[in-house]
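> next input, structure requested:
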Amino acid sequence: MKRRLVLAILFLASCAWLHSIDSSLAETPENQVPPTSTEPPSATPPLHLPELRPHEQNDAVSLLGELRGNVRMSPQNADDRLKLAEALYRIGDLDTAIDECRIAIALKPDHALAHLQLGRALMAKQDWRASVMELKEAARLNPDLTQAHYNLGTAYYTTGNIKGAIQSYQQALELQPSFPDARYRLALVLKLAKRDQESAQFMEEAAVNGIPQAQFFLGNAYRAGQGLDKNGTLAVYWWAKAVEFGHQPASSALSILRRQALSPVQPEQNRIEALKAFQGYREKIWENFPDLAHNGDSETLGTTLLKQNRTDHAVPVLLQECYALSDMAQTELARLYETGLEPSLPPFDKKILACFEATAGEGFGPAKKILARIYGKGLGVKQDRQKVNTVLRGLPKQDVKAILDELSLQP
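Residues are numbered from 1 along each chain as shown. You can find the predicted model right below:
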């Protein structure tokens, strides 16, 4: 009962962490800086059984039948038992996989891979202490087994043995330096150990290698100045990188920062810092195209790429600049939304519309005007006068009148 209670608490803590960024804006008065989590998740790291595609499921079932036949023919063969255990693990039959691992170990006690597979299955069952024993034995039998050290680090982390987790992840990286997931996990436990500078180093290495969770936490570290010099531009840069992988907490963090930059009731210093962070980001992404000359404020990177007919890059970059509060990018995207760009971009692109919807909702004036025109004229959407009125709220009266006059609508 006590163990179930602990697991339930860990699960709830994990859920709370995942939603902390999303809920922070709603809970924060508009005249205060919204908090951004800089702490790693304190609960169980997520473990997922491999998800099989339909054809893989059929292949797995066929393979399972074949492996069952092999075990019937050679019931004393530990390797055949282990192959069967792996196949059972892949289809989610953890209990039977554990049984087969234990039979394999009984047949061959010094089989490091059998101890590793049993440890993995026990982790999936959240039997952490038993998994630690098996993974330690796997690492003892074969010290060069990278996955044993990595999984052991996760099991130690979950059971609260931070020192053991650090040592295990470090050993995994000694064996396999090109292991970004191990760098990310090591960064998390170093953060828990209050070793912020070391944590930031490993987090950055993991972020550079494309781990979106690492990119999110690295952005947080730059935003808060924990283990690194505070840098709003780099915070936006790494959050934007994580968003490219669909990381929702990073998207929420950027939304919070945009609202801070655009809110008239924010302290002036906070607004200026947030605006400078987005401006710095728009400057930084020029580094991705070293062959292009920066034309100062007369062009954005996206409009420059568009003039050179590099449309595959131009539209994604314009969207990045649009989310980074560029008036010029918004104007160019508004044109592309109506006209499209043959042959790659049809008119009324939903990604462009989503960008206008998001930034207008956060208070960006140019997006509000564009969105009012889209709904006022029914451009790719159903014409909606009420939506127009809602979108225009908060704009100066003269701007509202000019837009309504253009749309031939009465104020």
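> domains of this protein?
Using automatic domain parsing, the domain parsing of the chain gives 54-211, 289-406.
> any idea which of those is most buried?
domain 54-211 (a mean of 19; mean count of other C-beta atoms under 10 Å). Every residue, glycine included, has its C-beta placed from N, CA and C.
> for the record, mean pLDDT for it?
Here domain 54-211 scores 92 as its mean pLDDT.
> next one: that domain to chain centre, how far?
Put simply, domain 54-211 sits 23 Å off its chain's centre (C-alpha atoms, centre = their mean, to the nearest Å).
> please apply the same query to stretch 301-313.
Distance, centroid of stretch 301-313 to centroid of chain: 27 Å (C-alpha atoms, centre = their mean).
> report how many residues lie close to Asn231.
The tally of other residues near Asn231 (other C-beta atoms under 10 Å) stands at 17.
> can you give me the distance of Phe348 to Asp327?
Phe348 is 22 Å from Asp327, where distance means C-beta to C-beta, to the nearest Å.
> let me redo that: Pro343
28 Å.
> again, but for Cys355
Noted for Cys355: a distance of 13 Å to Asp327, by C-beta to C-beta.
> same thing with Gln226?
From Gln226 to Asp327 the distance is 33 Å (C-beta to C-beta).
> now do Glu244
Relative to Asp327, and taking C-beta to C-beta, Glu244 is found at 23 Å.
> swap in Val317?
Taken as C-beta to C-beta, the span from Val317 to Asp327 is 15 Å.
> how about the residue lying closest to Met203 once chain neighbours are set aside, what does it touch?
Once flanking residues are discounted, Met203 sits nearest to Ala187: 3.9 Å by C-beta to C-beta, 6 or more residues apart in numbering. Under the criterion of C-beta atoms under 8 Å, 6 or more residues apart in numbering, the neighbours of Ala187 are Pro40, Ser199, Ala200, Gln201, Phe202, Met203, Ala206, Ala214, Phe217.
> make sure Ala187 is indeed in a helix.
Yes - with DSSP: H, G, I helix; E, B strand; the rest coil as the criterion, Ala187 is assigned to a helix.
> for Leu345, grab phi and psi.
Here is the backbone geometry of Leu345 (degrees, to the nearest 10): phi -130, psi 110.
> tell me what it is bridged to.
For Leu345, the beta-bridge partners are Leu341 (DSSP bridges).
> pretty sure it contacts Glu338?
No - with contact defined as C-beta atoms under 8 Å, Leu345 and Glu338 do not form a contacting pair (11.3 Å).
> got the contact list for Leu336?
Val315, Leu318, Leu345, Asp349, Ile352 are the contacts of Leu336 under C-beta under 8 Å, 6+ apart.
> and the least confident of these?
Minimum pLDDT across those falls on Leu345, with 92.
> distance of Leu122 from His111?
Taking C-beta to C-beta, one finds Leu122 at 16 Å from His111.
> likewise Asp312?
Distance from Asp312 to His111, by C-beta to C-beta: 51 Å.
> who's in contact with Val236?
Contacts of Val236 (C-beta under 8 Å, 6+ apart): Gly219, Leu254, Leu257, Ala277, Phe278, Gly280, Tyr281, Ala324.
> report the separation between the fifth one and Ser326.
Distance of Phe278 to Ser326, given as C-beta to C-beta: 8 Å.
> give me the mean pLDDT for stretch 302-309.
Here stretch 302-309 scores 94 as its mean pLDDT.
> could the contacts of Val236 go into CSV alongside distance to Thr300, pLDDT and secondary structure?
CSV is the format used below for the contacts of Val236 (distance: C-beta to C-beta, whole Å; pLDDT from 0 to 100; DSSP: H, G, I helix; E, B strand; the rest coil):
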residue, distance to Thr300, pLDDT, secondary structure
Gly219, 22, 97, helix
Leu254, 18, 98, helix
Leu257, 19, 98, helix
Ala277, 17, 98, helix
Phe278, 12, 98, helix
Gly280, 14, 97, helix
Tyr281, 12, 98, helix
Ala324, 10, 98, coil
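> for those residues, pick the one with the most neighbours.
Gly219 (32 neighbours).
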